[in-house]
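Asker: fold the following, please.
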Amino acid sequence: MLSKIFPTLTRFRFTIQLIMLFVTVYGGALLGTYTVDRISQALPSLACAYDKQTGDHCILIVAQHQLHHRIGEALVKAQEITLNVFIPTLISVGVFFSLFFFLNKAFCGWVCPMGTVQEVVFRIGRRLGRPLNRFAPGNVGKVRPVKWLMLLVLVLGLPLMAGMGTASNELGDPYCQVCPSRLATTLLTADTEQIALRTSTGINFFLGAAGNALFGFVIIAALAVRLPFCRICPLLSWNALFQRLSPMQLVKKQHDKCAKCGVCEKACPMDIHEIGQEYGKKAFHEDCTLCGRCVEYCPDDDVIQIKFFGIKLFGSSREYYKQRVKLETPEGLPKNKVIWLAQAKENQHG
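Answerer: Residues are numbered from 1 along each chain as shown. Got it, this is the predicted structure:
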């Protein structure tokens, strides 16, 4: 039934992304902020709490605030450590685990509003005929540690130090001050408040300037690079810590043709070259967002599958692959569609 409405998994996923972009950015306007606060404050994707109309909150701001305002202060005043301190944190983490357990890192590839914004910009870049830039196997490894550094320093380390009094109180949520989702989602609601730089202190000015610069870089880079911010997103590393615990898994079996094919590598928006070279658990790399493009573009039956509790939800198919490449190349370039830039050049020469 779904195949008649959505001929490809990518279109189905993109529809889900657009729906979730609306929910996470504008959902609060429909449900009310009180209801939103009670539903969840631990979504495993970049749904920004600074968005006044958001339908949910990102786990990262919750974690930073708990470390800053609760755990950090409690460690300094050990005599005040009670269940009242840890219960909010445990609830937040518990909600996160319950959501993450069932869908794994599909939250990154299907729900995260920042991921959707980057994919929309990337599609615009393809229509404009912008060149596609990829990370080769030799340099992609240089980028991957950045997300862990951001998690340890910005999300965990500095908020905890601020709560303990060993760092400035303004460093209570440093990641959120530089997160591009804070600007992307608030701008989508016509709220320009977050763009303004706070000049009250040097730290506030620096974090605001860094956030604006990072947002601008990500939007420009997304025209030519697939998911530039996702590669360094601390939520991706946070989710990677627990990806093996979920029943939702990407599974690849060994196949003789894989060493010569490499189509799934080209299709991967995160440039995970291991998907074309490894099999088993090694193929499900920590950077994988379970978008499913490698499954779509594998030309052999059931070599790559997405499984839930061992049950195949979607598997590679030669027939599906043949239909898929008629619409779009593995790299994301649409076929049988006029590229605006190319059309402009033809009109100029004509």
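
Asker: enumerate every residue touching the residue nearest to Arg123 when sequence neighbours are not counted.
Answerer: Counting by CB to CB, 6 or more residues apart in numbering, Arg123 lies nearest to Gly332, which is 7.5 Å off, once chain neighbours are set aside. For glycine as for every other residue, the C-beta is placed from the backbone atoms N, C-alpha and C. Each residue near Gly332 by CB atoms under 8 Å, 6 or more residues apart in numbering is listed here: 122-123, 126, 132, 226, 269.

Asker: from those, pick the one nearest Thr15.
Answerer: Arg123 (13.6 Å; CB to CB).

Asker: so how far is the helix or strand hosting that closest one off the chain centroid?
Answerer: Assessed by DSSP states H and E, Arg123 sits inside helix 113-127. Averaging C-alpha positions (CA atoms, centre = their mean, to the nearest Å) puts helix 113-127 12 Å from its chain's average.

Asker: might you report the residue contacts of the most centrally placed residue in the chain?
Answerer: The residue lying closest to the centre of the chain (CA atoms, centre = their mean) is Cys108, at 3.8 Å. By CB under 8 Å, 6+ apart, the residues touching Cys108 are 44-45, 115, 230, 233, 235-236, 239, 289-290.

Asker: circling back to that earlier point, follow the chain on from the helix holding Arg123 and name the next helix or strand.
Answerer: Immediately after helix 113-127, counting by DSSP H and E, sits helix 140-143.

Asker: which residues are contacting the host helix or strand of Ala29?
Answerer: Element membership for Ala29, per DSSP H and E: helix 9-31. Helix 9-31 has contacts (CB under 8 Å, 6+ apart) with 2, 6, 36, 39, 43, 45, 47, 51-56, 109-113, 115-117, 119, 185, 188-189, 291-293, 295-296, 314, 328.

Asker: filter the residues you listed down to the buried ones, ChimeraX style.
Answerer: The command below creates a ChimeraX selection of those among those that count as buried (16 or more other CB atoms under 10 Å):
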select :36,43,45,47,51,53,54,55,56,109,110,111,112,113,115,116,117,119,185,188,291,292,293,295,296,314,328
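
Asker: which of the contacts of helix 9-31 fall within strands?
Answerer: Applying DSSP state E to the contacts of helix 9-31, the entries found in strands are Phe314.

Asker: where exactly do the helices run in the stretch 201-350 of the chain?
Answerer: Per DSSP state H, counting those that start in this stretch, the stretch 201-350 of the chain carries helices over the ranges 202-221, 234-240, 258-261, 263-267, 274-277, 293-296, 318-327, 340-349.

Asker: next, count neighbours for the nearest residue to Gln305 once chain neighbours are set aside.
Answerer: Nearest residue to Gln305, sequence neighbours excluded (CB to CB, 6+ apart): Gly315, at 4.2 Å. By the criterion of other CB atoms under 10 Å, Gly315 has 16 neighbours.

Asker: same check on His255?
Answerer: His255 has 15 neighbours, counted by other CB under 10 Å.

Asker: pretty sure it sits against Asp301.
Answerer: No - counting by CB atoms under 8 Å, His255 stays clear of Asp301, with 10.0 Å between them.

Asker: so who does Gly310 touch?
Answerer: Pro247.

Asker: what does it show for phi and psi?
Answerer: Main-chain torsions, Gly310, degrees, to the nearest 10: phi 80, psi 0.

Asker: go on, Thr89?
Answerer: phi -70, psi -40.

Asker: now do Pro247
Answerer: phi -80, psi -10.

Asker: contacts only, for it.
Answerer: By CB under 8 Å, 6+ apart, the contact set of Pro247 is 101-102, 308-310.

Asker: try 10 Å
Answerer: In this structure, Pro247 makes contact with 101-104, 307-311, judged by CB atoms under 10 Å, 6 or more residues apart in numbering.
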